[in-house]
Structure formats: structure tokens, C-alpha cells
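K.L.:
I would like the atomic coordinates for the input below:
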Amino acid sequence: MIGYVCIGTNDPVRAAKFYDPVLAVLGAKRTWETERYIGWGSSAEHTSVLLIKPLDGKAASAGNGSMVSFAADSKATVDAIYNKALALGAKDEGPPGARSEDFYAAYFRDPEGNKLAAYYSPP
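P.N.:
So this is what the prediction gives:
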């Protein structure tokens, strides 16, 4: 099981202007913050997404073939995340829609090029 996900950034403060409102659609809020990290989660005790400046001091770059996917509670939430992300400068990688009978998803890249997705799959 995944405990948390780190997303590389060259400017956490600037990147947070994208992630604050996008993750708020899922009910996440900032749970942790330092000069190098900003974290979001569902509670103060649970950080699940971290923006981080790389430890090696080199520039962050989007991973080829890497993607972080956020679970949504409905198709409407997938739509809301996608629309919020695009309004904040994300690039479309696949609009909201059914990918199979029981999987609804949308794909986009944050302003630094990291590939993200939002999905809904009924229980």
C-alpha cells in the first residue's frame, strides 16, 4: 500500500498555488510545511501528497511514465478537479470520461509538467 507520494518541484510556494485549490476539491488541506516540503492530507496526522525540492539539489523534472492519481468520490468530483486544474494552468492529457464500464477518469499535467489524474470507480 502507498503511504504517501512525493512530487518534485523547483518552487514549492509557486507550486502550492496550484495544489492548494486542486486538492481542496478532495477535502485535503496542508498538513506539513518546511522550506523544502509542503504536504497535504485528510487530517493533521495523515499527509499523503508532498511537494518537494529534490534532495540532490538538481532541478526537479516530470518523470516519464510517472503519474499520481487522486481517488474521487464521484464523477462530478473528477470533473471538478479537472476543471479546477485547467483553470489553474494545467495542461489537458485526457478529458473526463469513462475509460471502462466502472472507471471514470481525467488526466492533466501540473504547471511543472507532472502527470496527474483524478478517477472514480464505484465500490
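K.L.:
Show me where this protein has its helices.
P.N.:
Along the chain, the segments classed as helices by DSSP state H run 12-24, 75-87.
K.L.:
Indicate which one of the ones you listed is closest to residue 99.
P.N.:
The minimum distance between residue 99 and those falls on helix 75-87, with 10.8 Å, by Cβ to Cβ. C-betas here are computed from N, CA, C, even on glycine.
K.L.:
Just the endpoints, please. Distance across stretch 56-69?
P.N.:
Distance between the two ends of stretch 56-69: 25 Å, counting by Cα to Cα, to the nearest Å.
K.L.:
Would you mind checking the average pLDDT for that stretch?
P.N.:
In this model, stretch 56-69 has an average pLDDT of 92.
K.L.:
Find the residue ranges of the chain scoring beneath the pLDDT cut-off.
P.N.:
Where the chain drops to pLDDT under 70, the residues are 1.
K.L.:
Just the buried residues of the top strand by length along it, please?
P.N.:
Scanning the chain for the longest strand, with DSSP state E as the assignment, gives strand 91-100. The neighbour-count check on strand 91-100 (16 or more other Cβ atoms under 10 Å) flags residue 96 as buried.
K.L.:
now swap in stretch 58-73 and tell me
P.N.:
For stretch 58-73, by 16+ other Cβ under 10 Å, it's 60, 70, 72.
K.L.:
CSV please, covering the residues you listed and showing distance to residue 96.
P.N.:
Formatted as CSV, the buried residues of stretch 58-73 follow (distance: Cβ to Cβ, whole Å):
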residue, distance to residue 96
60, 27
70, 13
72, 10
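K.L.:
Would you mind checking which of those residues is nearest to residue 103?
P.N.:
Closest approach between those and residue 103, by Cβ to Cβ: residue 72, at 11.5 Å.
K.L.:
May I have the residues that are in contact with the closest one?
P.N.:
With contact set as Cβ atoms under 8 Å, 6 or more residues apart in numbering, residue 72 has these partners: 26, 78, 81, 118-120.
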